[in-house]
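S.K.: Could you work out the structure for the sequence below:
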Amino acid sequence: MDLTCKDCRFFLPVDVFKGICKISKEKITPDDRFCDKAEKVPKCKFCGKYLAEQDYLGKCIGNTMAFPDMIAAKCADFEWYTQN
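M.R.: Below you'll find the predicted structure:
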């Protein structure tokens, strides 16, 4: 999975097509490459309980519909996905 700016804690969206990096204050797009100063934000696609069913839709814990890019910072069931 390739990480992009929209997966970073420091990405501030301005609209659908552009945003601002909170660290460098530069204009960026959501699909720019993840830089070395970036921090991954908790999202459903990074959760061990998320199961993708289609490109842009999946299920959380097998029964709740969820979008992969949905922010999960306040989710009580969120756990970082770990690869074996």
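S.K.: check contacts around residue 31.
M.R.: Applying Cβ atoms under 8 Å, 6 or more residues apart in numbering, we find residue 31 in contact with 4-6. Where you see a C-beta, it was placed from the backbone N, CA and C, and this is true even at glycine.
S.K.: low-scoring pLDDT stretches of the protein, where are they?
M.R.: 1, 83-84 (pLDDT under 70).
S.K.: how about 50 then?
M.R.: Across the chain, nothing is flagged by pLDDT under 50.
S.K.: domain assignment for it?
M.R.: 1-41, 42-84 (automatic domain parsing).
S.K.: in the protein, which spans are strands?
M.R.: Secondary structure of the chain (DSSP state E): strands located at 11-13, 19-21, 27-28, 50-54, 57-60, 64-66.
S.K.: which residue ranges form the helices in this protein?
M.R.: With DSSP state H, there are no helices along the chain.
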